[in-house]
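Peer 1: Please work out how this folds:
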Amino acid sequence: MSKQSYTEGTALTKEQLVLYPSEQLAPIKKKAEKLFIGIPKEKSKSEKRVSLRPEAVEILVRNGHEIRVEAGAGLGAKFTDQQYSEAGAEVCYSAKEVFEADLILKIEPPTHEEIEYMRFGRTVVSSLPMARMDTAYFKALMQKKCIGIAYQFIQNRIGEMPLIRSMSEIAGSTVMLIASEYLSSAHNGRGIILGGITGVPPTRVVIIGAGTVGEYAARTAIGLGAETQIFDKDIYKLRRIKYAVGHQMYTSTIDTGILEEAISRADVVIGAMRAEKGLTPCVVTEEMVQQMKPNSIIIDVSIDQGGVFSTSEVTTHENPIFKKYDVIHYCVPNIASRVSRTSSTALSNIFTPYLMKISKAGGMDEMIFTSKWFMEGVYAYKGSLTNRFIADKLDMPYKDLGLLMAARI
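Peer 2: Predicted coordinates for the structure are as follows:
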């Protein structure tokens with residue numbers, strides 16, 4: 001008997017009414033959005049990573065999404081066009097065809113030519129090395145009314161930056177292998193082993209920056225037996241890294257005198273500070289570099305955001321080093337590209353769940369609108385620059401993305 005028929009002519013109290021089931025409106029679920037994704041081949045010869053591996057493409061295609069891959073896009077990471085084709089992607093032999101997609105996944109920011117290929121109002125996800133970006137790039141992107149999302153700004157639900165974390169882990173582990181190469185006599189280095197052996201003093205390593213890069217560089221250096229010192233501006237980060245590494249080591253806040261002495265005695269100095277307001281603080285002066293040992297090594301991991309050393313200049317994987325004051329400088333901005341297959345797999349593992357979430361949310365606009373944590377990655381939105389740090393650095397007008405999204409209601 002229904003609640004209505006039973007209660008006709010019967011007076012029930014509020015407490016009794018609560019016991020009877022009542023009809024409720026079911027929540028309306030948004031229909032999943034089919035994504036049209038383009039993966040172009042990187043223009044730079046130094047960039048060998050790709051955003052999605054074939055296995056990820058297969059998962060996305062099975063879920064109804066369309067993917068175009070430019071021929072040769074995965075070759076740098078040892079993924080063939082045939083693998084992408086067998087995974088269900090359409091392999092195109094023209095970049096213009098790939099840029100017809102609604103969502104472009106790249107490693108490096110699109111060139112001006114590539115921006116011209118893009119359709120109005122579409123989305124591009126890429127890195128954003130601020131030290132090399134200029135006003136013309138952002139103006140071109142805004143003229144196309146595109147949505148720009150940067151790797152280094154993308155967050156997850158708990159406020160972490162998973163893409164930066166992953167690439168930093170790889171870079172931190174790789175820098176010590178690079179240092180080992182250039183310390184050897186084969187590269188006209190100091191002719192010493194990275195680490196320590198019985199009866200021989202250990203290599204001295206100084207790491208400037210106690211973030212993820214610093215943590216993984218320290219793990220590798222300590223594992224090889226090197227004497228490791230870590231400097232940072234934040235005492236909390238120094239406490240965290242000692243706990244994370246689980247090894248007793250020297251840590252210090254950045255004090256010019258102490259840092260200068262440590263650098264003068266070091267065999268390897270790693271610059272791994274996090275960017276502040278878009279650029280990394282330069283903490284090592286030219287005079288400090290002059291006091292370093294001959295053929296000692298500087299590796300500036302932060303070069304893509306300005307660099308930690310005043311003597312740093314951007315180099316490439318083809319010509320990775322230069323000498324200044326008889327000190328070897330390694331200043332390649334995309335160190336993770338040295339291990340392109342590992343890096344591509346790491347990127348793919350992070351991008352795939354994000355893409356599935358964007359689809360379930362109902363598309364890119366809905367994902368931005370409903371997920372404040374994802375909104376943090378957006379630096380340009382349909383004709384407006386929405387990242388205050390970039391706007392301040394380039395002296396460009398800024399609009400709050402939260403207010404722009406609220407205007408949609």
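Peer 1: Where in this protein is the helix or strand with the lowest mean pLDDT?
Peer 2: Across the helices and strands of the chain, mean pLDDT, DSSP states H and E gives its lowest value to helix 3-7, namely a mean of 46.
Peer 1: Quick one: the strands in the stretch 1-150 of the chain, in order.
Peer 2: 36-39, 66-70, 90-92, 103-105, 123-126, 147-150 (DSSP state E, counting those that start in this stretch).
Peer 1: Could you save these as TSV and add columns showing distance to A262 and mean pLDDT?
Peer 2: In short, each C-beta sits where N, CA and C put it, glycine included. Rendered in TSV, the data for the strands of the stretch 1-150 of the chain read as follows (distance: least, C-beta to C-beta, whole Å; pLDDT from 0 to 100):
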stretch	distance to A262	mean pLDDT
strand 36-39	44	97
strand 66-70	47	97
strand 90-92	52	96
strand 103-105	41	96
strand 123-126	36	96
strand 147-150	33	95
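Peer 1: can you redo the ones you listed as JSON lines with mean neighbour count and distance to S340?
Peer 2: Converted to JSON lines, those look like this (neighbours: other C-beta atoms under 10 Å; distance: least, C-beta to C-beta, whole Å):
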{"stretch": "strand 36-39", "mean neighbour count": "23", "distance to S340": "14"}
{"stretch": "strand 66-70", "mean neighbour count": "23", "distance to S340": "16"}
{"stretch": "strand 90-92", "mean neighbour count": "19", "distance to S340": "19"}
{"stretch": "strand 103-105", "mean neighbour count": "23", "distance to S340": "15"}
{"stretch": "strand 123-126", "mean neighbour count": "24", "distance to S340": "16"}
{"stretch": "strand 147-150", "mean neighbour count": "24", "distance to S340": "20"}
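Peer 1: and M133, which of those is closest to it?
Peer 2: When these are compared by C-beta to C-beta, strand 147-150 sits nearest M133, at 10.0 Å.
Peer 1: What residues of the next helix or strand after the closest one count as buried?
Peer 2: Where DSSP states H and E defines the elements, the next helix or strand beyond strand 147-150 is helix 162-183. Buried residues in helix 162-183, defined by neighbour count with 16 or more other C-beta atoms under 10 Å: 162-176, 178-183.
Peer 1: How about stretch 321-334?
Peer 2: For stretch 321-334, a neighbour-count test (16+ other C-beta under 10 Å) marks I321, V327, I328, H329, Y330, C331, V332, P333, N334 as buried.
Peer 1: wait, isn't the fifth one in contact with I303?
Peer 2: No. With contact taken as C-beta atoms under 8 Å, Y330 and I303 are classed as non-touching, separated by 9.2 Å.
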